[in-house]
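> need a structure here:
(2 chains)
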Number of protein chains: 2
Amino acid sequence: MSEKILRINMTDLSCAVEAVPAEWQGLGGRGLTSAIVSKEVPPTCHPLGKHNKLVFAPGLLAGSPAAQSGRLSAGAKSPLTGTIKESNAGGTAAQNLAKLRIKALIIEGMPADDSMFYGIRINKDGARIVEEKELVGKRNYEVIKTLMADIGPKVGVLTIGPVGEMRMVAANISVRDPDGNIRSHGRGGLGAVMGSKKVKYITIDDSDGPGVEIADPERFKAAARAFAKAILEHPVSGEGLPTYGTNVLVNVLNEAGGLPTKNFRYGQFDGHDKISGETMRETIIARGGKPKHGCHAGCIIQCSQVYFDEEGEYVTSGFEYETIWGIGANCCIDDLDVIARADRIMDDIGIDSIESAVIMGVAMEAGIIPFGDGPGLLKLLEEIGQGTPLGRILGNGAAFVGKAYGLTRVPVVKGQGIPAYDPRSVKGIGVTYATSTQGADHTMGYAVATNILQVGGFVDPLKNEGQVELSRNLQIATAAIDTTGLCLFVAFPALDIPETLVAIVDMLNAKFGINLTGNDVTALGKSVLKTEHAFNLAAGFTKADDRLPEFFNEDPCPPHNVTWTMKGEEIDEFWNF
Amino acid sequence: MSEKILRINMTDLSCAVEAVPAEWQGLGGRGLTSAIVSKEVPPTCHPLGKHNKLVFAPGLLAGSPAAQSGRLSAGAKSPLTGTIKESNAGGTAAQNLAKLRIKALIIEGMPADDSMFYGIRINKDGARIVEEKELVGKRNYEVIKTLMADIGPKVGVLTIGPVGEMRMVAANISVRDPDGNIRSHGRGGLGAVMGSKKVKYITIDDSDGPGVEIADPERFKAAARAFAKAILEHPVSGEGLPTYGTNVLVNVLNEAGGLPTKNFRYGQFDGHDKISGETMRETIIARGGKPKHGCHAGCIIQCSQVYFDEEGEYVTSGFEYETIWGIGANCCIDDLDVIARADRIMDDIGIDSIESAVIMGVAMEAGIIPFGDGPGLLKLLEEIGQGTPLGRILGNGAAFVGKAYGLTRVPVVKGQGIPAYDPRSVKGIGVTYATSTQGADHTMGYAVATNILQVGGFVDPLKNEGQVELSRNLQIATAAIDTTGLCLFVAFPALDIPETLVAIVDMLNAKFGINLTGNDVTALGKSVLKTEHAFNLAAGFTKADDRLPEFFNEDPCPPHNVTWTMKGEEIDEFWNF
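You can find the predicted model right below:
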């Protein structure tokens, strides 16, 4: 039984199974979502109209026993940025899709009747579109619980909360994690695209499915073992992340002067100790939570965690550095419990936590609530979930809030909020924000690794020299990794331990019975980036969009008191490959 | 005493008088504002930041005895569209500036302290920047009344209302008319630029000023007489407009099936008779208002009017077709009194009435209030003036409302609301909306003249053939007319009566002692357009922006049941000149 494309048409409510065209057979994950969006979506179409398509694709290694291989890519034209978008997440859906041999799920069209919502139910027998009433307006935790009770505890679930239903463009898509909690396709507003298609949820039940085929199981096993060894050997993926989660970065970035504070005014936050990974770990252990946790089966990094409140009750999980930075330092809130509560609400109503953090910083800049007002922030999140006028201003992203209030200190690129690393004091990540095909997104080319963590060598974070090349190399590598379906954190060992890339290539070759080399993987990454860039150019983007907001050029960032000084021509060198 | 540039720096609160550079000496009005913006404003700057500049320039013929010569151009990078912008208005300011021999007023920089507002007071001795407290937050009628009492009844006043103070990007700039009422630099959100500079008002007192110099008064007088004769001879400028105002068009466009109704669903409105120019004229006469009125001294068309309520009290003036179409047919409100009340509020709070009309149509589409709800609409306008969260959604333009509510039926081009002529059934104006350097704006190339009114020949409004050429010729001519400072309605005689253009050229030659030909005027128009287009390209605009929203391609417009079928390549032929 070969792999297939599952195509769902929401205009006529039909489902079709299609053979995988030859050109897509070597692709998966981001490589495949971007290829499909690029081929089938008119670049200038309205992102919430019937011509946009929402595509899900597990990576090339999804469903295999490879460590870290459970990431699912979601792609579309982003209603937040107007660019092509891929957002990947852990959870259970990628592996379930792979085990049903569904290489991509394409959702297209939209129902003429805007008042209806639907669920898409996928299992070994195919897909069904069912009218949904009960779950409409419900939040994600309840949706997931209801669907697990209905279909089974291991069902893969993709769902949108009220923010996505209301088509606000900071909406995310939630994915059920192995415990029935939530991971997210966070960035780019893909939840609004799902809402515009009137799809409330998608379930993927792989019971009695065909499972994943591996051409050379012995060779695969050996490669997977070498791969896992490299991951566990590297200090970041083998020690830092498992111990403190991604929140290990609060103290690191504060020390480096690159922790954006008070809506990107400063690079250090007085309250950093109170919200650090170290404090979080102690708090979790003291309350009986889980300091280590995997977002999908086969994860050996375990950077996730389960956070309890003072009474020992579950609050949230997958509590990431970027969320904690954003609701914390960026909004001057030094209370982990408030930040955890915010994380819970954001997961539940279905809004990207990074965009929300930037939104709240800009809302405080506008004077809607004062900086540091934790209870006020939680109330604003609830307003987003309710869709009040203020909620709609906030739920449509940081750029939108800035425009609503006529502000200039609005940290966004291509309409997407800048995440947790100040580009003035971590200049490599600034290049990534500027040039990424998807707006400001640290995961597209994580130059923080080499600028700050000294992984893959060292490029001085305060100097312009070498940053474009660094970002370019990382963006190419990332596009390739995102295509395999591996968690991006495998890049840490890959940058320092040569055996890692060899093992990844070996796993791909063993799985498909092919003979790729490391150069093929690089070529793949380049090709994915070029496909995405071509889409954006056709959508009307130009070099003028590959720039940071002007306040970064003018307002020095303490403690280094540096501005962003990279010239346009230097940035534009990025695309010379 | 030669003409000069007055430069106001709001960063250090300084005023400077500069000689006019040679390259700007032959320019005025739009030609000059676009030249200055193009030379001095970085195209990618934040339009509400310190690098944008707000420029006012009277036309080349301003202050002279030429009929229709009192239009003032305002220019900047538009915060609504992101393009270069020129918006011209009648009123008293252009003539006062010209009589002080101020060729352009440039306002640049912005105060570091955001809490302060200022007034700029200009007279024969120069300019002063004064701190303003009393008038902050006040509406335009009160501001104008206060300043007239303070400085004198003939003072020229430019002012922003609360919408501009709050930097909402549908804000306009009001100009005092000869009766102390209001005309507007409506489109493009220039009121928000003035608000960002923290300028509440500008007064221009020309008492004891040097007045305007005319090189050859006799020749000028003869040309001005021929010019006036042509205006009065043409059926549109000599009869239609003076009798019914611009609102003569409601019945004309309804008949043609091009009157956008219910947020651009239909091309005809059942209630058209109740809001027509014919009904308006009867109502005004019955209540003792003025059916004819000039927006500036020397106007012989007199398309303006003064509208009274049932008790014979003043409600509004300058009550235009586009406003009546928009609050009327587009929002399904068939009550002229409600529309007049809306016009009054819009003038008073300082918001563009065309953008507001499109805003309200989209707000009704979103279900904020139902179509046809007049009292609800007036309440929403008040919310804009108060700056509530809903008010801020609305006050930032139709595109913004559409995004807030995730809608696709949002009639805008480059972020600016499409005015009162459906591009599906008046295809020439569709080309103007798509290609204009300033977003959707009928005044940039009024193809309705030739498509519907059969002025300047006839091009079938329902066919694509000839529309690009028509729009191109009109846009070139308009750019030239806007540079002279003449009211655009002189285009009607100019298109049909050959003596008109000869007279305009003669007036220019007589005023400046030069020897232009008709070809020079055409070359000037082309040059203005190219300057503006170059700015937009540098700002990041591409051909992809020269398109109408996709719903026009797909939803047929009754009664002709036509869609917009112009291909991209056809539209792009526009710039081949």
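
> Show me what from the stretch 251-400 of chain A comes close to chain B.
By the rule Cβ under 8 Å from any Cβ of the partner chain, the part of the stretch 251-400 of chain A lying against chain B is A:Thr388, A:Pro389, A:Leu390, A:Arg392, A:Ile393, A:Asn396, A:Phe400. (C-beta placed from N, C-alpha, C; glycine too.)

> just checking, what packs against the one helix or strand the fifth one maps to?
Take DSSP states H and E as the rule and A:Ile393 turns out to sit in helix A:389-395. Judged by 3 or more Cβ pairs under 8 Å, 6 or more residues apart in numbering or on different chains; DSSP states H and E, helix A:389-395 is in contact with helix A:353-365, helix A:374-386, helix A:398-404, helix B:389-395, helix B:398-404.

> In CSV: these, plus distance to A:Arg128.
Shown next, in CSV, are the helices and strands packed on helix A:389-395 (distance: least, Cβ to Cβ, whole Å):
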stretch, distance to A:Arg128
helix A:353-365, 32
helix A:374-386, 29
helix A:398-404, 36
helix B:389-395, 38
helix B:398-404, 33
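
> quick one, helices of the stretch 401-550 of chain A?
Using DSSP state H, counting those that start in this stretch, the helices of the stretch 401-550 of chain A run over residues A:427-435, A:448-451, A:467-484, A:491-496, A:499-512, A:518-539.

> The longest one near chain B at all?
It refers to helix A:518-539. Yes. Using Cβ under 8 Å from any Cβ, we find that helix A:518-539 touches chain B at A:Ala538, A:Ala539.

> Report how many residues lie close to the one residue in the stretch 51-200 of chain A that gets nearest to chain B.
Nearest to chain B in the stretch 51-200 of chain A, going by Cβ to the nearest Cβ, is A:Arg167, at a distance of 2.7 Å. By other Cβ atoms under 10 Å in any protein chain shown, 28 other residues sit near A:Arg167.

> if I've got this straight, it is in a strand?
No. When classified by DSSP: H, G, I helix; E, B strand; the rest coil, A:Arg167 is found to be coil rather than part of a strand.

> In this structure it contacts A:Ala192, no?
Yes. Counting by Cβ atoms under 8 Å, A:Ala192 is a contact partner of A:Arg167 at 4.5 Å.

> Give me the common contacts of those two.
A:Leu48, A:Pro79, B:Gly406 (Cβ atoms under 8 Å, 6 or more residues apart in numbering or on different chains).

> Just the buried subset of the residues you listed, please.
Among these, those classed as buried by 16 or more other Cβ atoms under 10 Å in any protein chain shown are A:Leu48, A:Pro79, B:Gly406.

> which SS state does the first one fall under?
Spelled out, that is A:Leu48. Per three-state DSSP, the local secondary structure of A:Leu48 is coil.

> Could you dump the helices and strands packed on helix A:389-395 into JSON lines with distance to A:Thr83, mean pLDDT and mean neighbour count added?
Shown next, in JSON lines, are these (distance: least, Cβ to Cβ, whole Å; pLDDT from 0 to 100; neighbours: other Cβ atoms under 10 Å in any protein chain shown):
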{"stretch": "helix A:353-365", "distance to A:Thr83": "15", "mean pLDDT": "98", "mean neighbour count": "28"}
{"stretch": "helix A:374-386", "distance to A:Thr83": "23", "mean pLDDT": "98", "mean neighbour count": "19"}
{"stretch": "helix A:398-404", "distance to A:Thr83": "13", "mean pLDDT": "98", "mean neighbour count": "27"}
{"stretch": "helix B:389-395", "distance to A:Thr83": "24", "mean pLDDT": "98", "mean neighbour count": "27"}
{"stretch": "helix B:398-404", "distance to A:Thr83": "16", "mean pLDDT": "98", "mean neighbour count": "27"}
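
> Show me the one of the ones you listed that comes nearest B:Ile351.
For those, proximity to B:Ile351 was assessed by Cβ to Cβ; helix B:389-395 is nearest, at 6.4 Å.

> Only alpha carbons, please: show the closest one as CSV.
The C-alpha trace of helix B:389-395 is given here as CSV (Å, rounded to 0.1, in the frame of the first residue of the first chain):
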residue,chain,number,x,y,z
PRO,B,389,-11.8,49.9,20.9
LEU,B,390,-14.6,49.5,18.4
GLY,B,391,-14.1,53.1,17.4
ARG,B,392,-10.4,52.4,16.8
ILE,B,393,-11.3,49.4,14.6
LEU,B,394,-13.6,51.6,12.5
GLY,B,395,-11.4,54.7,12.5
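
> In chain A, where is pLDDT below threshold?
Regions of chain A meeting the criterion pLDDT under 70 cover residues A:1.

> Now with 90, please.
When residues are selected by pLDDT under 90, those of chain A lie in A:1-2, A:114.

> How about A:Leu474: what's its closest non-neighbour residue?
A:Gly445 (3.9 Å; Cβ to Cβ, 6 or more residues apart in numbering or on different chains).

> any idea how far B:Ala399 is from that neighbour?
Distance, A:Gly445 to B:Ala399, by Cβ to Cβ, to the nearest Å: 31 Å.

> who's in contact with the nearest residue to A:Ile476 once chain neighbours are set aside?
Closest residue to A:Ile476 apart from its sequence neighbours, by Cβ to Cβ, 6+ apart: A:Gly525 at 3.9 Å. Going by Cβ under 8 Å, 6+ apart, A:Gly525 touches A:Gln475, A:Ile476, A:Ala477, A:Thr478, A:Ala479, A:Ala480, A:Thr483.

> Output the residues you listed in JSON lines, with neighbour count and distance to B:Leu336 appended to each entry.
Below are the contacts of A:Gly525 laid out as JSON lines (neighbours: other Cβ atoms under 10 Å in any protein chain shown; distance: Cβ to Cβ, whole Å):
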{"residue": "A:Gln475", "neighbour count": "25", "distance to B:Leu336": "59"}
{"residue": "A:Ile476", "neighbour count": "22", "distance to B:Leu336": "64"}
{"residue": "A:Ala477", "neighbour count": "21", "distance to B:Leu336": "66"}
{"residue": "A:Thr478", "neighbour count": "23", "distance to B:Leu336": "61"}
{"residue": "A:Ala479", "neighbour count": "28", "distance to B:Leu336": "60"}
{"residue": "A:Ala480", "neighbour count": "28", "distance to B:Leu336": "65"}
{"residue": "A:Thr483", "neighbour count": "30", "distance to B:Leu336": "62"}
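
> Now render the residues you listed as a markdown table, adding distance to B:Tyr201.
Listed next are those as a markdown table, based on distance: Cβ to Cβ, whole Å:
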| residue | distance to B:Tyr201 |
| --- | --- |
| A:Gln475 | 50 |
| A:Ile476 | 55 |
| A:Ala477 | 57 |
| A:Thr478 | 53 |
| A:Ala479 | 54 |
| A:Ala480 | 59 |
| A:Thr483 | 59 |
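
> Using the three-state scheme, assign A:Ala16.
Here A:Ala16 is recorded as strand under three-state DSSP.

> mind checking the SS state of the nearest residue to it once chain neighbours are set aside?
For A:Ala16, ignoring the flanking residues on the chain, the nearest one in space by Cβ to Cβ, 6+ apart is A:Arg7 at 4.6 Å. Three-state assignment for A:Arg7 (three-state DSSP): strand.

> distance of A:Arg7 from A:Glu40?
Relative to A:Glu40, A:Arg7 is positioned 10 Å away (Cβ to Cβ).

> quick one on the thing from earlier: which among the helices and strands packed on helix A:389-395 is found nearest to B:Gly257?
Nearest of those (Cβ to Cβ): helix B:398-404, 22.5 Å.
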